[in-house]
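Trainee: Got a predicted model here, sequence first, then my questions.
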Amino acid sequence: MTNDEKVARIIPTNTTKVGQTSKIVIVDGLSNSVMDLLRREGWQVEVFTGSSQDELIKSLKDAEGLIIRSATQVDATLLSSASHLKVVARAGTGVDNIDLTTASELGILVLNSPGANSISVAEHTCALILTLGRSIARADADMKKGAWTKQELLGTELWRKTLGLVGLGRIGQEVASRAQAFGMRVLAHDPYISEEIARNLNVELVSLDELCTQSDFLSLHVPSSVDTFNMFDADRLRKCKPGLRLINTARGGLIDETALADAIESGHIGGAGLDVFSQEPPAETRLTTLPEVVATPHIAGSTEEAQELVGVEAAAGVRDYLRLGIIRNAVNFPAIAPEETQRLQPFVNLAQKIGTFVAQLATGRIKTVSIRYYGELATGKNELLVGAVLMGLFKTMLSTTVSLINARALARDRDVEVIESHSTRPRDFTSLLAVRLETSLGQLWVEGALFEHGGPRVVLLDGVEIEASIEGTSIVIRNLDEPGVVGTIGAVLGEHGINIAQFALGRDSTGAVAVVNIDESTNTEELKTDGAVIKALLANPAIKSADLVRI
């Protein structure tokens, strides 16, 4: 298959007329309502009951659709063998069990069911809050042992208590509304949610430090990433309000479990409700056996209703795509004509990397993303580039799968305005892409171009001309243009055993910027946003900011 043929296949040119030959295969025991929905539309539905991949490949030989849960591995071999397959739907959020690259190359649309279990996770979060507040699990355990411990189990009301939410996405918003029904004051820390959305939810946005010092209960609803790994470590826990109850139904790696156990045993942290763990099942039981801890085995999203809903959403997505050509919850599909894809493809990588670059430099809540095209890019429709910039921007922030097809919707959901413009002003490059972020704390302006042998490059940062690679790991520095700064940068990195791969410097009348591409250190702690390297750089008064960027 040629590249042109691959491009053409991923653009739907017609829809399926349902008939006896149209087949959809369902795996992993979905409910009868899923099958009924599709059969009512006229499809032949086959429920796969085999146990081997060879058997599944045989079933998919004449199938146009496949609906799965997490147990089935949809790898390159399976996808390549299913010559009629047009769509794979995951009844759930994660698509780690699907080879997205191969699916895209073969023109197979991949769908998921994001947010279908939001209510279930939110309710489980509230159940843990109530259980912690009234020592329900401990009281039940005592009763089962024949012990009457009424005098020992003095509870606390939720009324007039403060709930802190780290993350105000779909699940966080559902938790907020339920907590308010109990008369709780709700605070949230989420740099990617607008103040207007929070205000409409009657939620006050605060810094993470403020959240920790004011909250009686604190619940985590953020994705797992380099910046959120062990975000609640010993230092963070010490900053929390004494007696805080900590709840985690999001990701196990968000909490340093040893530090949490220490904080509970010391009495500083009042308790914890945990549904997720850094290792599942946990190898170390010290934390889960503490009487102040309520632990559940990753079941927050496991309800009859949630499992039913994710299946129905997956089936509806398959139906709409095959019957009408309507795409919902796609994770790998840019809805653009083949000729436009070919024109823009060289710039997609540049656009996504610029989005990732600015996302890691931005501070405050994003209000507006302005994208301007120069040169050859100033003609035609550039929706693919808009999606690529937004995908790069959001993928560092969100646990939801971010794709070219859903990037604009994610921006709308977060009240982020997207502005496109075209300029005929002559520039030094045949094509140039400019991205400007307006946030609650200011503006960030980056321009990028493609170099024939140098790949994607940043050519302007906040008005200062520079030529810097945006590959791998970099430290972006803004400083006063005075002697000794470059020496400080080299000395600090040398002291920490970090090798400089490339050093780009730009200057104007306002100061200087540097993009230092470095070899990734084995000591990732030193390279964290608040690690020793950044702190050492900022100790030089001439350095105004130093930001770690990974692309």
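Mentor: Received the coordinates, thanks.

Trainee: drop to CA atoms for contacts and neighbour counts, all remaining ones
Mentor: Fine.

Trainee: For residue 406, give me its contacts.
Mentor: Under the criterion of C-alpha atoms under 8 Å, 6 or more residues apart in numbering, the contact partners of residue 406 comprise 329, 330, 331, 387.

Trainee: Can you tell me which of the residues you listed is nearest residue 70?
Mentor: The shortest approach to residue 70 among the contacts of residue 406 belongs to residue 331, at 15.7 Å (C-alpha to C-alpha).

Trainee: so what pLDDT did that closest one get?
Mentor: Residue 331 is assigned a predicted lDDT (pLDDT) of 83.

Trainee: same thing with residue 36?
Mentor: Turning to residue 36, the model gives it a pLDDT of 88.

Trainee: Would you mind putting the contacts of residue 406 into CSV with secondary structure and neighbour count alongside?
Mentor: Putting the contacts of residue 406 into CSV (DSSP: H, G, I helix; E, B strand; the rest coil; neighbours: other C-alpha atoms under 10 Å) gives the following:
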residue, secondary structure, neighbour count
329, coil, 22
330, strand, 23
331, coil, 21
387, helix, 25
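
Trainee: Could you pull out the buried residues of stretch 319-333?
Mentor: The neighbour-count check on stretch 319-333 (16 or more other C-alpha atoms under 10 Å) flags 319, 321, 322, 325, 327, 328, 329, 330, 331, 332, 333 as buried.

Trainee: Now for those: which two are most distant?
Mentor: For the buried residues of stretch 319-333, the farthest-apart pair by C-alpha to C-alpha is 319 and 332; their separation is 17.6 Å.

Trainee: Quick check, residue 317 in contact with residue 323.
Mentor: No - Residue 317 is not in contact with residue 323 according to C-alpha atoms under 8 Å; the separation is 9.9 Å.

Trainee: quick check: domain ranges of the chain?
Mentor: For the chain, the structural domains run 3-116+305-324, 118-295, 334-425, 463-551, going by automatic domain parsing.

Trainee: Kindly state which of those is positioned closest to residue 456.
Mentor: Among the domains of the chain, domain 334-425 sits nearest to residue 456 (C-alpha to C-alpha), with 5.3 Å.

Trainee: Please state the offset of that closest one from the chain centre?
Mentor: 16 Å (C-alpha atoms, centre = their mean, to the nearest Å).

Trainee: The residue nearest to residue 361 when sequence neighbours are not counted: which element?
Mentor: Distances taken as C-alpha to C-alpha, 6 or more residues apart in numbering put residue 547 closest to residue 361, at 6.4 Å, once the chain neighbours are dropped. Following DSSP states H and E, one finds residue 547 within strand 543-550.

Trainee: likewise residue 435?
Mentor: Assessed by DSSP H and E, residue 435 sits inside strand 431-439.

Trainee: Check what pLDDT the closest residue to residue 161 other than its chain neighbours gets.
Mentor: Using C-alpha to C-alpha, 6+ apart and skipping residues adjacent in sequence, the residue nearest residue 161 is residue 184, 5.2 Å away. The pLDDT attached to residue 184 in the predicted structure is 98.

Trainee: May I ask you to confirm that residue 184 is in contact with residue 158?
Mentor: Yes - between residue 184 and residue 158 a contact is recorded at 6.2 Å, counting by C-alpha under 8 Å.

Trainee: Next, count neighbours for residue 107.
Mentor: By the measure other C-alpha atoms under 10 Å, the count of residues near residue 107 is 22.
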